[in-house]
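Participant: coords please:
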Amino acid sequence: MNKFNPQPGPRLSAETLHCSTVAQDGRAVLITGPSGSGKSDLTLRLIDRGYDLVSDDQTVIKKDGERIIASAPPTIAGKLEVRGIGIVEMERVDSAPVALIVELTSSEIQRLPDDSRERPLLGIKVPLVSVDAMTASAPSKVALALDRMGLKFK
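Facilitator: Below you'll find the model as predicted:
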């Protein structure tokens, strides 16, 4: 079962996703992609830009009314994998409502994508953007995409 587009059937109240999560101004950004795609690297670069760590590598999501709340599994809370250095302790926020999903890809990214891209999480549609994590502009693109969401999810 794809965690982002669940098959019809009973809904779970919480799920654990293979993604990293950062937050800014009370809005969480889920960073998704295959292993080795740069999730932790982009997370670190966003933290350098002033974002807060929510979770690295795995994120627990729960439905709260019309919002999805992201948090870290207790076993990895406050930990970030930094390649070449190891697991480091980081300041973190306990949880934040999800405002954006960033899908990491190295394939061709549309020059002018449709602004209405979204992906359902636990039955709630969340805006989606695609980014190549290895480009220098990746953190700026995430910040711009989150800014376009406004304070809708706060």
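Participant: For the residue at minimal distance from the centre of the chain, pull up the helix or strand it's in.
Facilitator: A centroid search over the chain (Cα atoms, centre = their mean) returns residue 30, at 0.9 Å, as the residue closest to the centre. Assigned by DSSP states H and E, residue 30 falls within strand 27-32.
Participant: Now do the helix or strand that comes right after that strand, average pLDDT.
Facilitator: The first helix or strand that comes after strand 27-32 along the chain, using DSSP H and E, is helix 39-48. When pLDDT is averaged over helix 39-48, the result is 94.
Participant: again with stretch 99-106
Facilitator: Here the mean pLDDT over stretch 99-106 is 89, rounded to a whole number.
Participant: What residues of it count as buried?
Facilitator: Along stretch 99-106, these residues count as buried under the neighbour rule (16 or more other Cβ atoms under 10 Å): 99, 100, 101, 102, 103, 104. For glycine as for every other residue, the C-beta is placed from the backbone atoms N, C-alpha and C.
Participant: next one: stretch 131-144
Facilitator: Of all the residues in stretch 131-144, those buried under the rule 16+ other Cβ under 10 Å are 131, 132, 133, 138, 139, 141, 142, 143.
Participant: Distance-wise, check residue 45 relative to residue 81.
Facilitator: When distance is defined by Cβ to Cβ, to the nearest Å, residue 45 is 14 Å away from residue 81.
Participant: circling back to that earlier point, packing partners for the strand holding residue 30?
Facilitator: For strand 27-32, the elements it packs on are strand 19-24, helix 39-48, strand 95-104, helix 138-148, judged by 3 or more Cβ pairs under 8 Å, 6 or more residues apart in numbering; DSSP states H and E.
Participant: what about the ones you listed, which gets the closest to residue 87?
Facilitator: Proximity of the helices and strands packed on strand 27-32 to residue 87 was assessed by Cβ to Cβ; the nearest stretch is helix 39-48, lying at 10.2 Å.
Participant: picking that back up, I'd like the helices and strands packed on strand 27-32 laid out as TSV, including distance to residue 124.
Facilitator: Conversion of the helices and strands packed on strand 27-32 to TSV gives the following (distance: least, Cβ to Cβ, whole Å):
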stretch	distance to residue 124
strand 19-24	16
helix 39-48	22
strand 95-104	8
helix 138-148	17
